[in-house]
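J.: Need coordinates for the below:
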Amino acid sequence: MKSTDKTLPTDLKLADFLCFAVYSTNLAFGKAYKPMLEQLGLTYTQYITIVALWEEDNQTVGSLGEKLFLESNTLTPILKKLEAMGYVMRQRDPEDERQVRISLTGNGRQLRNELPDNGMLETGLEPEEFVQMQKAIVRLRNNLIRSTNADK
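T.: Okay, the predicted model is just below:
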C-alpha cells in the first residue's frame with residue numbers, strides 16, 4: 001500500500017526505521033559469522049564470493065559482481081586476495097580477452113566442507129519462518145533497486 005502523504009511523524013525513533021533494522025541485522029550477522037570466518041582468514045565479503053562460485057564456477061568478474069551487488073572496482077581486490085590465499089584463479093577469457101574469468105581452486109572447493117550453511121540455525125527461526133523472511137528481504141531489496149533505477 002503506497003501512501004501519498006510524504007510527511008513523517010515527528011516522534012519517530014531509530015527503532016521505527018526499517019532501514020536501521022536491516023542495517024543492524026546485517027551487523028549482527030557479521031558478528032555471528034566472524035569467529036568461524038576468522039579461523040579461516042576470510043572476511044564476510046570473501047565468504048559470499050566463494051559461495052557464489054560454489055553455485056556457479058568459472059564466472060566473469062562482471063557476472064559475479066552482479067550476483068553480489070558489487071562493482072568490479074570493489075570486487076577485484078577481493079578476488080586478488082582470494083587468489084593470493086589459493087582459493088580462486090583469475091584468467092583472461094580466451095574467447096574475449098576483455099573478460100576475466102574466476103574459477104575455484106581445489107582449496108576453494110574444499111572450503112565448502114569447512115564453512116557454514118545458510119545461517120538458519122543462528123537465526124533462531126523455524127525453517128518456514130526463515131524461508132518467509134529471506135523471501136521478504138529479497139523482495140524488499142528488489143523493490144528498492146527498482147525504485148532507485150526508476151529515478152535514473
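
J.: Quick check: which element contains Gln99?
T.: For Gln99, the element it lies in under DSSP states H and E is strand 96-104.

J.: Buried residues of that strand, list them for me.
T.: For strand 96-104, a neighbour-count test (16 or more other C-beta atoms under 10 Å) marks Val100, Arg101, Ile102, Leu104 as buried. (C-beta placed from N, C-alpha, C; glycine too.)

J.: what sits up against it?
T.: For strand 96-104, contacts defined as C-beta atoms under 8 Å, 6 or more residues apart in numbering pick out 50, 53-54, 57-62, 64, 79, 87-93.

J.: Can you say which of these are buried?
T.: Looks like these have Ile50, Leu53, Gln59, Thr60, Val61, Leu64, Leu79, Tyr87, Val88 buried, using 16+ other C-beta under 10 Å.

J.: from those residues, which two are the most distant?
T.: Farthest-apart pair in the buried ones among the contacts of strand 96-104 is Thr60 and Tyr87; separation 17.5 Å (C-beta to C-beta).

J.: Cross the contacts of strand 96-104 against helices and list the overlap.
T.: If you go by DSSP state H, the contacts of strand 96-104 have Ile50, Leu53, Trp54, Val61, Gly62, Leu64, Leu79 in helices.

J.: Now do the buried residues in the helix or strand containing Val138.
T.: If you go by DSSP H and E, Val138 is part of helix 127-150. Neighbour-count burial for helix 127-150 flags Phe130 (criterion: 16+ other C-beta under 10 Å).

J.: Now do that helix: everything it contacts.
T.: Residues from elsewhere that reach helix 127-150, judged by C-beta under 8 Å, 6+ apart: Leu18, Val22, Met120, Thr123, Leu125.

J.: pLDDT-wise, which helix or strand of the protein ranks last?
T.: helix 120-123 (a mean of 76; mean pLDDT, DSSP states H and E).

J.: Now stretch 90-102 - C-alpha only, CSV.
T.: C-alpha atoms of stretch 90-102 as CSV (Å, rounded to 0.1, in the frame of the first residue of the first chain):
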residue,chain,number,x,y,z
ARG,A,90,41.7,-15.4,-12.3
GLN,A,91,42.3,-15.9,-16.0
ARG,A,92,41.5,-13.9,-19.2
ASP,A,93,38.7,-15.4,-21.2
PRO,A,94,40.3,-16.9,-24.3
GLU,A,95,37.2,-16.0,-26.4
ASP,A,96,37.1,-12.4,-25.1
GLU,A,97,40.3,-11.2,-23.5
ARG,A,98,38.5,-8.1,-22.1
GLN,A,99,36.7,-10.5,-19.7
VAL,A,100,38.4,-12.1,-16.6
ARG,A,101,37.0,-15.4,-15.5
ILE,A,102,37.1,-16.5,-11.9
